[in-house]
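>>> I would like the atomic coordinates for the input below:
(one chain, ligands or ions: 1)
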Amino acid sequence: MTNFSISPGKNNVGAYINNLDLNNLKKDQINQIKDILNMYGVVFFKKKNLNSEMYQNFAKSLGQLVEYPRLKGLENYPFINVLERKPTDKSVAFGGSFLHQDTSYLDKDRPRYTMLMSIEVPDDQGNTIFSSGFNSYNKLPEQIKEKIKNAKGIFSSAGPISKTRRELESRSGIKSAQIMEAEHSIVHEVDGQKSLYVSPGHLMKIKINEKESEEIKKYLIDHVNKDEFIFSYKWDKGDVVVWDNLSVMHKASEVKNCTRIMHRITIK
Ligand SMILES: [Fe+2]
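Alright, predicted model coming up:
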């Protein structure tokens, strides 16, 4: 067995996994990481500074890697997408402004995990903000839990967050893909814990018994944005972070006049 330790993030959102070498993981350690991810929704490994080979190998140990067609991959590592923010960039950061769950607009085969490693980060800005789907579900009033237990959300790639993606696409000369839309339950269960799946950046409608409820939609979006469910994660260079899109929402924070480079891998 291993002697790594875990410590929860602020507001019990996510967990730091300390003293674990990600290069030589044994099967039981990988299973332990998956258990912690199931329990907390997001895991943080500080200052790992993996090379691309090791980074990709670690991602592979957690699942099947997925190519993300809207971002450029590294030359020899097509599964590693580069997210780069330059000092001259003026627009909102890619994935900023709205909490979301990545690719919730896909009908089938939504990639479950997103992994980032920080290659270059500014000292005083560029946090990633996480909101716990578990904690926000648990704190809902019982009558709301009852009301939404079979509710469906309609999620679209043209939802509120799409503005940041279109800016990125026009900068990198990628033509916008067609709009994708999907319907999913807004309550998911991960290893016995219920989680809110409302992806505010993509959510268009909530349907309860086939009737649209603008009121519940607004209520839930306000709810998941409450401070008590949020952890604003401060990056150091070389940090590796993995989140489960079923159980946490995330967004990028404002970044201005700085360079910020992240390597992203999407995992099924
Ligand atoms: Fe995202």
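>>> among the helices and strands of the chain, which has the poorest mean pLDDT?
Across the helices and strands of the chain, mean confidence by mean pLDDT, DSSP states H and E is lowest for helix 162-172: a mean of 67.
>>> helix or strand right after it?
strand 181-185 (DSSP states H and E).
>>> restricting to C-alpha, output that following strand in CSV.
Output of strand 181-185 as CSV, limited to C-alpha atoms (Å, rounded to 0.1, in the frame of the first residue of the first chain):
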residue,chain,number,x,y,z
GLU,A,181,-27.6,20.1,-28.4
ALA,A,182,-28.4,17.3,-26.0
GLU,A,183,-30.8,16.4,-23.2
HIS,A,184,-29.6,15.0,-19.9
SER,A,185,-30.9,14.4,-16.4
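>>> contacts for whichever helix or strand comes after that strand?
Counting by DSSP H and E, the element after strand 181-185 in chain order, helix or strand, is strand 187-190. Residues from elsewhere that reach strand 187-190 (CB atoms under 8 Å, 6 or more residues apart in numbering): 38, 41, 133-134, 137, 148-149, 151, 194-197, 244, 246-247. To be clear about C-beta, it is placed using only N, CA and C from the backbone, and glycine gets the same treatment.
>>> now, the most widely separated pair of those?
Asn38 and Ala151 (23.3 Å; CB to CB).
>>> below-threshold pLDDT in this structure: ranges please.
Along the chain, segments meeting pLDDT under 70 span 1-2, 69-70, 94-96, 164-177.
>>> hmm, back to that, the more surrounded of Asn38 and Ala151?
Applying other CB atoms under 10 Å to Asn38 and Ala151 shows that Ala151 carries more neighbours, namely 18 against 15.
>>> next up, the contacts around the residue of the stretch 101-250 of the chain found nearest the ion.
As assessed by CB to the ion, the ion sits closest to Asp102 within the stretch 101-250 of the chain, at 4.5 Å. Contact analysis of Asp102 by CB under 8 Å, 6+ apart lists Pro111, Thr114, Asn245, Thr266.
>>> looking at the contacts of strand 187-190, which are in helices?
Among the contacts of strand 187-190, the members falling in helices (DSSP state H) are Asn38, Gly133, Phe134, Tyr137, Ile148.
>>> excluding chain neighbours, what is closest to the second one?
If I follow you right, that is Gly133. Ser195 (3.5 Å; CB to CB, 6 or more residues apart in numbering).
>>> got the contact list for the one you found?
Contacts of Ser195 (CB under 8 Å, 6+ apart): Gly41, Gly133, Phe134, Tyr137, Val187, His188, Glu189, Leu246, Ser247.
>>> try it again at 6 Å.
Residues counted as contacts of Ser195 (CB atoms under 6 Å, 6 or more residues apart in numbering) are Gly133, Phe134, Tyr137, His188, Ser247.
>>> now the helices for the chain?
Going by DSSP H, the chain shows helices at 27-40, 52-62, 133-138, 142-148, 162-172, 214-224.
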